[in-house]
Every structure is written in structure tokens, then in C-alpha cells.
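**Student:** A predicted structure for the sequence below; I have some questions about it.
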Amino acid sequence: MTIPEKLLYTKEHEWVKKEDGQVTIGITDFAQSQLGDIIFLELPEVGQKIVSGEPFGEIEAVKTVSELYAPINGTVIEINVDLEDNPDNINQDCYGSGWIIKVELDGGLDKENLLNHKNYGSMIA
């Protein structure tokens, strides 16, 4: 199971990467392995506000449908349009080409609700 050190994680199995006031969000290697083959995503529109702890979309796999939860407050500035035709990019490269959305932060990161790689690794062990 891959858990990159440079990312932050949520208890809902999303990862967060902050760069220059924006945040990239995806699901973790653990999450994609538990879901199985991902076949569809329902994502927010660019410009939509997301609220930490609230659902912002859904991910559908062969096994199940799960909600995606916002790890931060902000405004969606980009969605990964490649996932529309190739949702399995998440299964192949969840930390790279399988990223889901990019968000402009509204305030700072709420680090109380985010885990470092060691704490996330302990949670899923």
C-alpha cells in the first residue's frame, strides 16, 4: 500500500496536496483497492463551493458507490476531465493522473482533521 509522505490524508481515505494556495484532492491507494474497478465519477462543477466534511461527489465502482467528502473549504477551480473517459486512472495512478479535483482554499488547511502519512498508515493497518 503506497502512502506518500508529502501528502495529508483524511479518515474518509482522501489525500490532499497543497501548492501555492490551491489544493489537489484524490482518493488514497487504500480506498481505490477497497473499491475495486472504478467505473464512474460524479464531480462538482468548476466554481462550486465545497465545505469540509460535506460530500462533493460520488465515486462508483463495480462493488459499490461511495461519497467523496471535502477535506477542506474552498472553490473548485479544476476537475480532472480525463476521468470522464478513463475513471480507471484512479486505480492505475491514484496519486498522479488519478487526481480528482483542484480547489482554491478558503482560509487555511484545517490540520486538525488531516492526518500525516504515519497516522494514516496506522489507521488503515
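**Tutor:** Everything's here; your move. Numbers count the residues shown, from 1 in each chain.
**Student:** partners of the most centrally placed residue in the chain in the sheet?
**Tutor:** Nearest to the geometric centre of the chain sits Gly26, at 2.4 Å (CA atoms, centre = their mean). Beta bridges link Gly26 to Trp15, judged by DSSP bridges.
**Student:** OK, contacts around it?
**Tutor:** 14-15, 90, 94-95, 98-100 (CB atoms under 8 Å, 6 or more residues apart in numbering). Every residue, glycine included, has its C-beta placed from N, CA and C.
**Student:** all strands for this protein, in order.
**Tutor:** Ranges of strands within the chain are 8-9, 14-19, 22-27, 38-42, 49-50, 55-61, 65-69, 74-79, 101-105, based on DSSP state E.
**Student:** what's the distance between the residue nearest to the centre of the chain and Cys94?
**Tutor:** Gly26 sits at a distance of 6 Å from Cys94 (criterion: CB to CB, to the nearest Å).
**Student:** mind checking how far Val103 is from Gly21?
**Tutor:** 10 Å.
**Student:** which one of the two has more residues nearby?
**Tutor:** For Val103 and Gly21, the more surrounded residue by other CB atoms under 10 Å is Val103, and the numbers stand at 25 against 9.
**Student:** Could you check the pLDDT of Leu109?
**Tutor:** Model confidence at Leu109, expressed as pLDDT, equals 81.
**Student:** since we're on it, how many residues are nearby?
**Tutor:** Leu109 has 16 nearby residues by other CB under 10 Å.
**Student:** That one: what's it in contact with?
**Tutor:** Contacts of Leu109 (CB under 8 Å, 6+ apart): 8, 16, 18, 23, 72.
**Student:** Phi first, then psi, for it.
**Tutor:** phi -70, psi 130 (degrees, to the nearest 10).
**Student:** Mutual contacts of Gly26 and Cys94, please.
**Tutor:** Joint contacts of Gly26 and Cys94 (CB under 8 Å, 6+ apart) are Trp15.
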